[in-house]
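# Below are the sequence and a predicted model for it; my questions follow.
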Amino acid sequence: MKTTLLYSLLLVFSTKMLWAQDTLTLMHHNLTNYGNNVTGCDSGPTGNNALIMKDPNFKIIVKHINPDVYSVNEIGSPSILLDRLLANVLNTDGVSHFEKTAYVAENNPNSASTLFYNRNKLGLSRQLTINSAVRRSHYYRLYFKSSSLPAGDTIFFHYVVTHLKAGNTASDASQRESMVNAIQKFFANIPPNENCVLAGDFNVYRSSEAAFQRLLAPAGDGVDFIDPVNRIGSWTANSTFADVHTQCPQSNGNGCFSGGGLDDRFDWIMMNQPLITGSAGAQFVAGSYKAVGNDGQHFNRAINAAPTNTSAPANVINAIFATSDHLPVVAKVRLLNPSFSIGANVYSNAPFKIFNVDDELHFQSSKKGEYSYTLMGTNGQVIQHGKFNATPEKPFQLSIQKQKAGIYFIQLTGLYSVDKQWVRVAKL
């Protein structure tokens, strides 16, 4: 049977340009059964998980943090809930720049994860699902809308949002490891020296757990993720880690929220080495990572209990307390000047090798076949379309001489599947 290959190639034709530094605020929050009516949680108007209560409080939290990337866990299954968050929480009080990504239903319909972004600063060029037997994780390829974007200069972020299996049994830990293995297998296909972020509720109790070790040291298969605040250890019920705990803001559970006070570090934003060092055009801002609402003084206590929590305004502390059994975590990254190298950037992805020479793109296939190509602008407008025959001996040559500097996409359609779905070519 004929299998269709959709192979997206991002082309960057540019001259080297600079832009003023900008900063992105990244935020992750487990919304605790947003819109769900499950055992113990009632989202009705008078329930303990009522959306008419949660929305105004989430709005207070978001306005305080003002994120550019807002990733969430535990949003209910109707995709209309994304529109509700946009209308009641994000795009309010004169703000209109938040954009949702496509809703993907979860294996467990009550535990979907998703991402929103500031469309004035960022664009979304790709969204994929990372499947596992437990839950899906979600990949988003974001690019920065710099003032130099028309000339082709930009910075990319490979962003994965996940919600690892909960529970403290050996079986739960094994399922978390299975999910991380799927994530790292996916990240193994990302070209080197790109900015990678992993955000989510990890449900990990200690750094020695196999799933977490797989994140820290994937042994050549995936990304070496880094904790930006370098607080690695056995953090559960350990007061030494009181300042980084994220669960639970309440001491007494209400049937929907877990209770118990702050004593677990479940929620994370992790980054790879290029993002920490700034080698790929963006750099983590030292000191910017925090669990919002955690002042380090409320181990095993509610965050609004004595002593007075002054780490955020009182209305923010109370809003976090009221809406979820997780604290939001935030981090900032500074956008630096683009660091494209002079000459062609070449990535070899079987069955294709794609490279640019002067004013041409060359497509060389390791397998003989007939392919179609479509060259598009970032707005989806088709610029060129055609067919070509590819062989290992003779590359197909596509002229790009008449194209203005900028960002373009090429979609290849053919007979063979490949692991890697895109490649970037910079002509400087």
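Yep, it's here.
# what ranges do the strands span in the stretch 1-150 of the chain?
Counting by DSSP state E, counting those that start in this stretch, the stretch 1-150 of the chain has strands at residues 5-13, 22-34, 69-75, 98-100, 112-118, 122-130, 137-144.
# Tell me which of those strands sits most buried.
strand 69-75 (a mean of 26; mean count of other Cβ atoms under 10 Å). In short, each C-beta sits where N, CA and C put it, glycine included.
# Longest helix in the chain, please.
In the chain, with assignment by DSSP state H, the single longest helix is helix 170-187.
# Which strands and helices lie in contact with the helix or strand following that helix?
With elements assigned by DSSP states H and E, the helix or strand that comes after helix 170-187 is strand 195-201. With contacts defined as 3 or more Cβ pairs under 8 Å, 6 or more residues apart in numbering; DSSP states H and E, strand 195-201 has these neighbours: strand 22-34, strand 69-75, strand 156-163, strand 267-272, helix 273-277.
# CA atoms only: put the third one into PDB for me.
Extracted in PDB, the C-alpha atoms of strand 156-163 (Å, rounded to 0.1, in the frame of the first residue of the first chain):
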ATOM      1  CA  PHE A 156      13.100  28.400  17.900                       C
ATOM      2  CA  PHE A 157      11.900  26.600  21.100                       C
ATOM      3  CA  HIS A 158      11.000  22.900  21.200                       C
ATOM      4  CA  TYR A 159       8.400  22.800  23.900                       C
ATOM      5  CA  VAL A 160       7.000  19.600  25.400                       C
ATOM      6  CA  VAL A 161       4.200  19.600  28.000                       C
ATOM      7  CA  THR A 162       3.600  16.400  30.000                       C
ATOM      8  CA  HIS A 163       1.700  15.000  32.900                       C
END
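# give me every residue that touches Val285.
If you count contacts by Cβ atoms under 8 Å, 6 or more residues apart in numbering, Val285 has them with Thr23, Ala331, Lys332, Val333, Arg334.
# was I right about the fourth one contacting Pro274?
No - look at Val333 against Pro274 with Cβ atoms under 8 Å: they stay out of range, at 11.0 Å.
# ok, Arg206 touching Trp235?
Yes - counting by Cβ under 8 Å, Arg206 touches Trp235, with 6.9 Å between them.
# who's more crowded, those two?
Trp235 (22 against 15; other Cβ atoms under 10 Å).
# my guess is that one is in a strand, correct?
No - counting by DSSP: H, G, I helix; E, B strand; the rest coil, Trp235 is not part of a strand but coil.
# rank the strands of the stretch 1-150 of the chain by pLDDT, which is bottom?
Mean pLDDT across those is lowest at strand 5-13; the value there is a mean of 46.
# Overlap in contacts, Val333 and Pro274.
With Cβ under 8 Å, 6+ apart as the test, Val333 and Pro274 both reach Asn195.
# So which of these two has more stuff around it?
Each of Val333 and Pro274 has its neighbours counted (other Cβ under 10 Å); Val333 has more, 29 against 19.
# Let me know the secondary structure of the more buried one.
Classified using three-state DSSP, Val333 is strand.
# Sketch out the low-pLDDT regions of the stretch 151-300 of the chain for me.
Residues of the stretch 151-300 of the chain meeting the criterion pLDDT under 70: 151-153.
# Could you say which helix or strand holds the residue lying farthest from the centre of the chain?
Using Cα atoms, centre = their mean, the residue of the chain lying farthest from its centre is Glu393. It sits 39.6 Å away. Counting by DSSP H and E, Glu393 is held by no secondary-structure element, helix or strand.
# can you tell me how far the residue lying closest to Ile320 once chain neighbours are set aside sits from Ser234?
Closest residue to Ile320 apart from its sequence neighbours, by Cβ to Cβ, 6 or more residues apart in numbering: Gly293 at 4.4 Å. Distance of Gly293 to Ser234, computed by Cβ to Cβ, to the nearest Å: 23 Å.
# These two: which is more packed in?
Counted by other Cβ under 10 Å, Gly293 and Ser234 do not tie: Gly293 has more neighbours, with 25 against 13.
# so what's the backbone phi/psi at Leu375?
phi -100, psi 120 (degrees, to the nearest 10).
# circling back to that earlier point, so can I have a markdown table of the helices and strands packed on strand 195-201 showing distance to Asp227?
Listed next are the helices and strands packed on strand 195-201 as a markdown table, based on distance: least, Cβ to Cβ, whole Å:
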| stretch | distance to Asp227 |
| --- | --- |
| strand 22-34 | 14 |
| strand 69-75 | 17 |
| strand 156-163 | 15 |
| strand 267-272 | 6 |
| helix 273-277 | 10 |
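# contacting residues around the spatially most central residue of the chain?
Nearest to the mean C-alpha position of the chain, counting by Cα atoms, centre = their mean, stands Tyr159 at 2.7 Å. Residues in contact with Tyr159 (Cβ under 8 Å, 6+ apart) are Val69, Ser71, Leu115, Tyr139, Tyr140, Arg141, Leu142, Cys196, Val197, Ala199.
# and of these, the nearest to Phe388?
Closest approach to Phe388 among those (Cβ to Cβ): Arg141, at 26.2 Å.
# partners of that closest one in the sheet?
Bridge pairing for Arg141 (DSSP bridges) gives the partners Arg126, His158.
# Was I right to think it contacts Thr154?
No - counting by Cβ under 8 Å, Arg141 does not reach Thr154; the two are 11.5 Å apart.
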